[in-house]
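A.B. asks: fold the following and give me the result.
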Amino acid sequence: MRFFLKRHLKVIAGGVILLLSLIAIFRGSVGTDTATYERLVTRIDTWSGLEPASWILMYVLNLWLDDPVWVVRAFSGIFAGILLWFVYKSDEEELFFLMAFFVPLFFYNYSMNVIRVGIAFAILLLALQKDRRQEYKKAILLGILSVLFHYSILFALFFLWFNHDYNKENVWNRKNLFLIFVVLSLIAILVVLNEHYFLSKLAIYAYLEAPSLFSGLSRIMLGLVLLAPIPFSNILEYQKKRIVYSSLFFMIVFFSMGIYVTPRLLDMVNLLIPIAMLRAYRRVNEPMDWRFKAALFVAGLGGAIGMYRYMLNESFWSPSPFLPYHTIFDR
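C.D. replies: Numbering: from 1, shown residues only. You can find the predicted model right below:
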C-alpha cells in the first residue's frame, strides 16, 4: 500500500486539486470577493489601474465568454490549471509543501475570493520550481509575470531576494546592483502609471480596520509554528537567522498596522516562509527535514480550521459568502 501511494502521489494530488477546482469553477455567488469581481468585469472595457496581466486576461475572457459570472469562474480554472502543472513538474518536497500546506490553507481563498492574488502566487510557485532547478532566467521571467497579475508580489520578490543565500562580499557587485536598479525602476514605473489606483486603495485600506484582533493573532501563531523548526534545520546558519528575523519583523509591522488587509499581509508572510525554506534546502542540497515537514502539516491543518471559522463568521456580512455553498446552476 505504501509503495502504491508513493508511486501514485502525483495522480492522487492531481485528483484532489481537480475535485477542488470543480467546486470553485461551478460555485454560485460564493466567495467573499466573487460578487465584486463580477461587477468589475462589467466595467472591464476601461482600464482603471488594475494589474496589466489581470486586466488583459479579464478583457479577453469577457470577449470570449461574454458573461461576467463565467469570466470569474475561468480565473478559478486557470489558477487550478497552474497548480496541476506544478504537481506534474514537482519533486517530492514541492508536492508535500503544496498538499500539506498550500492547498488546505490557501486553495479556497485563492480560487474563490482573491483570484488575482491566487493566479499571481500560482505563477510564483512555478518560478520557485525553475529557481530550484537553477533555471534562473525562466524563474525571473515568471516572477515578473506574477507581479503583472498582482502588485503585492513585489513584496514577495523582495522578501525572497533578501533571504537569498548570497555571499556578503558579493552583495554589491555589478550584477546585484543592476538587479536592484531594475526592480526599483519597475516599482517606480508601476507606481507612477497607477498613482490614482494606489492612492485610492491606500485610502480604503487605511480607513477600514482589521476584521478582528484574533484574525491577526491566529496568523502570527501559524507563522511561529513555521519558524520554530528553522533553527534546527540543515540550511546555512546566517540564512536561518535572516529568514527568522525578517519574518518576525514583517509580522510585527503588519500586525501593528491593524488595517483591513492585515490578515492578508500576514498570510503572505506565512506563505513566503516555506518558499524561502524550499530555496534554502536546495542550495545546500539537503532534503527537507521532518521537523519542518511537521510544521507545514500542523500549519496547514490549523489554517484550514481557521479558514472554516472565517467562512462561518463571514456568512453574516458578505454579499457572496463562502457558506452556504451552492452551485452556479442555482442562480
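A.B. asks: next up, the contacts around Leu20.
C.D. replies: 80, 103, 107-108, 111 (CB atoms under 8 Å, 6 or more residues apart in numbering). C-beta here means a position set from N, CA and C on the backbone, and glycine is covered the same way.
A.B. asks: tell me which two of the residues you listed sit farthest apart.
C.D. replies: By the measure CB to CB, Ala80 and Tyr108 form the most distant pair in these, at 11.7 Å.
A.B. asks: any common contacting residues for the two?
C.D. replies: 20, 24.
A.B. asks: quick one, what contacts the residue nearest to the spatial centre of the chain?
C.D. replies: Nearest to the geometric centre of the chain sits Phe121, at 3.9 Å (CA atoms, centre = their mean). Listed by CB under 8 Å, 6+ apart, the contact partners of Phe121 are 106, 110, 146, 153, 156, 271.
A.B. asks: the contacts of Leu20 in helices, which ones?
C.D. replies: 80, 103, 107-108, 111 (DSSP state H).
A.B. asks: contacting residues for Gly77?
C.D. replies: Going by CB under 8 Å, 6+ apart, Gly77 touches 21, 24-25.
A.B. asks: dump those residues to JSON lines, plus neighbour count.
C.D. replies: What follows is the contacts of Gly77, written out as JSON lines (neighbours: other CB atoms under 10 Å):
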{"residue": "Ser21", "neighbour count": "20"}
{"residue": "Ala24", "neighbour count": "23"}
{"residue": "Ile25", "neighbour count": "20"}
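A.B. asks: kindly export stretch 89-108 (C-alpha atoms) in CSV.
C.D. replies: Extracted in CSV, the C-alpha atoms of stretch 89-108 (Å, rounded to 0.1, in the frame of the first residue of the first chain):
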residue,chain,number,x,y,z
LYS,A,89,6.6,19.1,-12.5
SER,A,90,7.1,18.8,-8.8
ASP,A,91,9.5,16.7,-6.8
GLU,A,92,8.7,15.0,-3.5
GLU,A,93,9.3,18.1,-1.3
GLU,A,94,7.4,20.5,-3.6
LEU,A,95,4.5,18.1,-3.7
PHE,A,96,4.5,17.8,0.1
PHE,A,97,4.5,21.6,0.5
LEU,A,98,1.6,22.0,-1.9
MET,A,99,-0.7,19.3,-0.5
ALA,A,100,0.2,19.6,3.2
PHE,A,101,0.3,23.4,3.4
PHE,A,102,-0.7,25.4,0.4
VAL,A,103,-3.9,23.6,-0.6
PRO,A,104,-5.5,23.3,2.8
LEU,A,105,-4.6,26.9,3.8
PHE,A,106,-4.9,28.9,0.6
PHE,A,107,-6.8,27.0,-2.1
TYR,A,108,-10.4,28.1,-1.2
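A.B. asks: mind listing what's buried along that stretch?
C.D. replies: 90, 93-108 (16 or more other CB atoms under 10 Å).
A.B. asks: run a quick neighbour tally on Leu63.
C.D. replies: A count of nearby residues for Leu63, using other CB atoms under 10 Å, gives 11.
A.B. asks: residues in contact with the host helix or strand of it?
C.D. replies: Leu63 is part of helix 52-65, with elements assigned from DSSP states H and E. Identification of contacts with helix 52-65 by CB under 8 Å, 6+ apart yields 40-41, 44-45, 47, 50, 68, 71, 74-75, 78, 116, 119, 145, 148-150.
A.B. asks: doesn't Lys137 make contact with Ala127?
C.D. replies: No. Applying CB atoms under 8 Å, one finds Ala127 not in contact with Lys137, separated by 10.9 Å.
A.B. asks: who's more crowded, these two?
C.D. replies: The residue with more neighbours, out of Ala127 and Lys137, is Ala127; 25 against 8, by other CB under 10 Å.
A.B. asks: who's in contact with the more buried one?
C.D. replies: 138-140, 142-143, 146.
A.B. asks: surely it is within a strand?
C.D. replies: No. Applying DSSP: H, G, I helix; E, B strand; the rest coil, one finds Ala127 to be helix, outside a strand.
A.B. asks: which one of the contacts of Leu20 is nearest to Arg132?
C.D. replies: Val103 (19.1 Å).
A.B. asks: circling back: drop anything exposed from the contacts of Ala127.
C.D. replies: So, of the contacts of Ala127, 139-140, 142-143, 146 end up buried under the neighbour-count rule (16+ other CB under 10 Å).
A.B. asks: could the contacts of Ala127 go into a markdown table alongside secondary structure, distance to Leu323 and pLDDT?
C.D. replies: Output for those, formatted as a markdown table (DSSP: H, G, I helix; E, B strand; the rest coil; distance: CB to CB, whole Å; pLDDT from 0 to 100):
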| residue | secondary structure | distance to Leu323 | pLDDT |
| --- | --- | --- | --- |
| Lys138 | helix | 40 | 91 |
| Ala139 | helix | 38 | 91 |
| Ile140 | helix | 40 | 87 |
| Leu142 | helix | 34 | 94 |
| Gly143 | helix | 35 | 91 |
| Ser146 | helix | 30 | 94 |
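A.B. asks: got any ranges where this protein has weak pLDDT?
C.D. replies: 1-7, 47-49, 165-177, 179-180, 183-184, 187, 191, 193-215, 314-318, 331 (pLDDT under 70).
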